[in-house]
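[1] What follows is a predicted structure for the sequence shown.
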Amino acid sequence: MKKIGIIAALHEEIAILLDVMGDSAHKVTIGSRDYYQGNLYGTNCVVVLARIGKVAAAITTVTLIHEFSVDEVIFTGVAGSINKSVKVGDIVVADNLMQHDIDASPIFPRYEIPLLGISRFRAEPSINQQIINSALYFIDNKLVNTLDSNSIKKFNLSSPTVHTGTIISGDQFINSKSGVEHLREAIPDALCVEMEGAAVAQVCYEYEIPFAVFRTISDSADDSASLDFSSFLLNVARFYSIGIIKALLENKQSG
């Protein structure tokens with residue numbers, strides 16, 4: 001049976017998963033992180049809180065691979081939109097990921113990872129398709145009954161969209177209009193920005209482990225980015241994560 005590593009940067013994004021695993025989950029603490037290994041919707045999983053940022057995400061991913069021998073890695077969490085077609089409440093599944101804050105020029109081209117010769121890391125297409133199917137199922141069949149009506153109205157979640165494309169990562173919280181415009185000009189095809197995904201992707205690439213990253217859009221990464229973040233995380237994003245992962249793992253079992 002495959003073993004799947006599931007990572008998030010914020011506790012709220014995995015709290016319900018840990019509740020579902022219950023007391024049967026075996027906790028192992030390594031490098032100040034608690035790794036919970038057990039059965040999740042019929043699948044052998046290791047669930048862990050990475051904390052925020054690329055280094056934290058990379059450390060966590062390496063540990064999942066070396067200490068727990070996971071067969072694939074899935075990262076879930078929130079992100080800020082930097083594409084006008086991507087709205088709050090939408091879901092972005094990464095086709096590829098890159099680090100927007102790495103620049104070793106002129107020795108290496110901007111955005112290229114030194115000595116790897118690439119700037120973009122491709123997610124595993126087969127896992128991506130499973131996540132897309134699971135996200136669509138959640139939106140069509142579970143969202144209205146999972147979220148409270150006030151949150152649906154407040155964040156205008158009547159018809160979320162699932163997007164596939166470029167996710168960019170960097171060790172900074174983008175929360176200004178000028179920051180968004182800079183990223184749009186620099187990387188025009190980027191759909192959203194966050195702080196961990198590309199680091200997970202690089203580690204998985206170097207260790208030849210299939211991976212996927214999907215993000216729920218919590219804000220527009222502009223000056224209003226922090227206004228309703230906590231409310232969105234508690235009342236919307238965490239339910240997206242559990243709903244999509246539940247559908248994903250149950251589909252893996254039936255498939």
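    Arrived safely, thanks for sending. Numbering: from 1, shown residues only.

[2] can you give me the helices in this structure?
    Listed in chain order, the helices found in the chain under DSSP state H are 12-21, 54-68, 125-137, 143-146, 149-154, 177-186, 197-207, 229-232, 238-254.

[3] low pLDDT regions in this structure?
    Counting by pLDDT under 70, the chain has low-confidence residues at 221-227, 254-255.

[4] same thing but at 90, please
    Along the chain, segments meeting pLDDT under 90 span 1, 23-24, 144-145, 150-151, 154-159, 173-179, 218-231, 234, 251-255.

[5] what pairs with the residue most central in space within the chain across the strands?
    In the chain, the centroid-proximal residue (C-alpha atoms, centre = their mean) is Thr76; its distance is 3.1 Å. Beta-bridge pairing for Thr76 (DSSP bridges): Phe214.

[6] How about the contacts made by it?
    By C-beta atoms under 8 Å, 6 or more residues apart in numbering, the contact list for Thr76 reads 6-8, 13, 213-215, 241, 244-245. The C-beta positions use only the backbone N, C-alpha and C, and glycine is treated the same way.

[7] who wins for neighbours among these?
    Within the contacts of Thr76, most neighbours by other C-beta atoms under 10 Å means Val213, with 32 neighbours.

[8] highest average neighbour count across the helices of the chain?
    helix 197-207 (a mean of 24; mean count of other C-beta atoms under 10 Å).

[9] which outside residues touch that helix?
    So helix 197-207 is in contact with 7, 54-55, 57-58, 61-62, 65, 73, 75, 94, 97-99, 113, 116, 121, 123, 167-169, 209-211, 213, 215, going by C-beta under 8 Å, 6+ apart.

[10] Alright, that wraps it up for me.
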